[in-house]
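Visitor: Let me see the structure of the following:
(one chain, ligands or ions: 1)
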Amino acid sequence: MIPFNIPPVTGRENEYIKQVIEGKRLSGDGPFTHQCSRWIEKHFNSPKVLLTTSCTHALEMAAILLDLKEGDEVIMPSYTFVSTANAFVLRGAKIVFVDIRPDTMNIDETLIEAAITERTKAIVPVHYAGVACEMDTIMKIALEHNLLVIEDAAQGVMSLYNGRALGTIGHLGCYSFHETKNYSSGEGGALLINDSTFIDRAEIIREKGTNRSRFLQGQVDKYTWVDIGSSYLPSELNAAYLFAQLELSEEINTNRLKSWNRYYKLLKPLENNNKIVLPYIPETCSHNAHMFYIKVKDVEERTSLIQYLKERKITSAFHYVPLHNSEAGEKHSTFYGKDVYTTKESERLIRLPLFFNIPEKDIDYICNQIHLFFSLSK
Ligand SMILES: *Cc1c(COP(=O)(O)O)cnc(C)c1O
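Guide: Prediction:
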């Protein structure tokens, strides 16, 4: 069976984890955590990066930093992972979904402004598949309406928008290092604090609402409970694993892009024959090959293609049942405007295996099988 994903291993993970064990310092904010945070700050040009236990937790920290009141509104796409919405619902916010663009599956930036009300506090663009949302437009709307922008860049590590790293454009950005993402520590994430007015409070929130981090830096002489917060620090073991991946991120990125481009080239004839739709990468974006997906005619065709591939030992996947159609979505959200594309396009999408060092022959085999499926079906 060709698996859907294999978490990347670069070869240095064992050595770094061994260093942590031998150093007898396993809790958070040790040397590897610092190396990872500094690496991200330097390579992506963010003033301050805090490693977290997950992207979900980075989003939760962002939501706390917004100081949301009951009934405040946050605008985002419905075609996303639950954590994008949950983080803000946990603070009492109401989620206002707007439709996506069918070409990138990202929030349609032209629909955001109409969804803004007196109660709107933030916009949360999600960079689906590591392909950038139209950030210039989104930042301009936010500035005009005095809103904050939190980028869900869980899938966007190493992607650029007009030369700027995803996650560094909004006031806050959130990364994921879950094992399904391009760079991983099993579970992990980061909060990128691009608006430096949030730095001090973010450090407090991450340290259980205490000023422990200022205490460790010698800025206060004792540490106490000063704000709400939780425990959002990953262990040094996770950071050591992650650092091995960040160091080789160029290699991983190049390798993934090569696989992505191979899929694209081999499947292009099917798009030319109007059998499928391939991903679209806007000129403003240089992407990180997080995912390779195709879109077929409808949900029935998708179901039969997934089954067809499974019988030929290929694991494919779909995801994101739009949040506004879900049980919790009905309670905590509204969909502003019409759902023209969110449901329809999500039902057409199927993801193909893509991971670091996926053999070329696997990609060739998968593409051949997809060609066969379409030559048999019509
Ligand atoms: C993976 C993902 C998350 C959650 O990341 P975790 O690190 O698993 O919490 C959030 N948003 C999007 C868009 C994701 O793809």
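Visitor: Can you report phi and psi for Ile75?
Guide: Per-residue torsions, Ile75: phi -100, psi 130 (degrees, to the nearest 10).
Visitor: How about it: which residues does it bridge to?
Guide: Val96, Ile123 (DSSP bridges).
Visitor: mind checking how far the residue most central in space within the chain is from the ligand?
Guide: By Cα atoms, centre = their mean, the chain has its centre lying nearest to Ala154, at 1.8 Å. Ala154 sits 3 Å away from the ligand, going by Cβ to the nearest ligand atom, to the nearest Å. (Each C-beta comes from the backbone N, C-alpha and C, glycine too.)
Visitor: Any figure for the gap between the nearest residue to Lys69 once chain neighbours are set aside and Glu247?
Guide: Excluding the flanking residues, the one nearest Lys69 by Cβ to Cβ, 6 or more residues apart in numbering is Gly92, at 6.8 Å. Remark: distance between Gly92 and Glu247 (Cβ to Cβ, to the nearest Å) = 41 Å.
Visitor: Then Gln155?
Guide: Distance from Gln155 to Glu247, by Cβ to Cβ: 21 Å.
Visitor: and if you look at Asp136?
Guide: Going from Asp136 to Glu247 by Cβ to Cβ gives 32 Å.
Visitor: Equivalent analysis for Phe198, please.
Guide: Distance from Phe198 to Glu247, by Cβ to Cβ: 28 Å.
Visitor: what's the answer for Glu15, then?
Guide: Distance from Glu15 to Glu247, by Cβ to Cβ: 11 Å.
Visitor: Same drill for these two, tell me which one is more crowded.
Guide: Glu247 (15 against 10; other Cβ atoms under 10 Å).
Visitor: Val131 is in contact with Pro282, isn't it?
Guide: Yes. Look at Val131 against Pro282 with Cβ atoms under 8 Å: they come within range, at 7.3 Å.
Visitor: what do these two both touch?
Guide: Counting by Cβ atoms under 8 Å, 6 or more residues apart in numbering, the shared contacts of Val131 and Pro282 are Thr104.
Visitor: Please say which of those two ends up with more neighbours.
Guide: Neighbour count, other Cβ under 10 Å: between Val131 and Pro282, Val131 has more, with 26 against 15.
Visitor: Kindly list the main-chain dihedrals of that one?
Guide: phi -100, psi 130.
Visitor: Would you map the helices across the protein?
Guide: 13-23, 31-44, 55-65, 82-89, 112-115, 135-145, 199-206, 212-216, 236-247, 249-272, 299-311, 327-332, 342-348, 360-377 (DSSP state H).
Visitor: Pick the most buried one from those.
Guide: helix 55-65 (a mean of 26; mean count of other Cβ atoms under 10 Å).
Visitor: near the ligand, which residues of this structure?
Guide: Residues of the chain lying close to the ligand by Cβ under 6 Å from any ligand atom are 54-56, 80-81, 83-84, 126, 152, 154-155, 176, 178, 189.
Visitor: could you dump these to CSV with distance to Thr117 and pLDDT?
Guide: Formatted as CSV, the residues of the chain next to the ligand follow (distance: Cβ to Cβ, whole Å; pLDDT from 0 to 100):
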residue, distance to Thr117, pLDDT
Ser54, 31, 98
Cys55, 27, 98
Thr56, 27, 98
Thr80, 21, 98
Phe81, 25, 97
Ser83, 24, 98
Thr84, 20, 98
Val126, 21, 98
Asp152, 22, 98
Ala154, 27, 98
Gln155, 29, 98
Ser176, 30, 98
His178, 33, 98
Gly189, 30, 98
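Visitor: which among the residues you listed gets closest to Cys36?
Guide: Nearest to Cys36 out of the residues of the chain next to the ligand is Gly189 (Cβ to Cβ; 11.1 Å).
Visitor: so Phe292 makes contact with Ile281?
Guide: No. Using Cβ under 8 Å, Phe292 makes no contact with Ile281, being 11.8 Å away.
Visitor: Going by how many neighbours each has, rank those two and give me the top one.
Guide: A direct count of neighbours by other Cβ under 10 Å for Phe292 and Ile281 places Phe292 higher, at 24 against 18.
Visitor: okay, now the domains of the chain?
Guide: Domain ranges of the chain: 13-246, 249-376, per automatic domain parsing.
Visitor: Kindly check the end-to-end length of the longest one for me.
Guide: The separation between the terminal residues of domain 13-246, taken as Cα to Cα, to the nearest Å, is 11 Å.
Visitor: Likewise for stretch 42-53?
Guide: 21 Å.
Visitor: Now do it: distance to the chain's middle.
Guide: With Cα atoms, centre = their mean, to the nearest Å as the basis, stretch 42-53 stands 15 Å off its chain's centre.
Visitor: avg pLDDT for it?
Guide: Mean pLDDT, stretch 42-53: 98.
Visitor: What is the worst-scoring helix or strand of the chain on mean pLDDT packed up against?
Guide: None of the helices or strands of the chain scores lower by mean pLDDT, DSSP states H and E than helix 212-216, at a mean of 87. Under the contact definition 3 or more Cβ pairs under 8 Å, 6 or more residues apart in numbering; DSSP states H and E, helix 212-216 sits against helix 199-206.
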